[in-house]
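Based on what follows, work out the 3D shape:
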Amino acid sequence: MTMDVVNKVLPDSETRPDISHDDGDRERFAHYVQKDKITESAVTGAPVIALCGKVWVPNRDPKKFPVCPECKKIYEEMTR
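Purely as a prediction, here's the structure:
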């Protein structure tokens, strides 16, 4: 499986949208996102959905943040 970091990237796969308003902890992490969705977001400004359900428009360097533990756990379960 090919991975990039803009928030780690996955090829086409299903995600779990969660538009709930949480305590903001998800803002402190880089997330796993489908690579084609990141490209689309960069061109159109459309929001992306991370494996953990976070919805946002990427606009920061994910290399400056640790990987989201929830995204990482979901990704690891998907690749077993």
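
low-scoring stretches of the chain, by residue?
For the chain, applying pLDDT under 70 flags the ranges 1-26.

ranges for the helices of it?
35-44, 69-78 (DSSP state H).

Residue 57: which of those helices is closest?
helix 35-44 (6.0 Å; CB to CB). (Each C-beta comes from the backbone N, C-alpha and C, glycine too.)

Counting neighbours, show which residues of the closest one come out buried.
Judged by neighbour count (16 or more other CB atoms under 10 Å), helix 35-44 contains these buried residues: 35, 37-38, 41.

How about stretch 54-66?
Those buried within stretch 54-66 under the rule 16+ other CB under 10 Å are 54, 56, 58, 62.

now the first one: how far from residue 67?
It refers to residue 54. According to CB to CB, to the nearest Å, residue 54 and residue 67 sit 13 Å apart.
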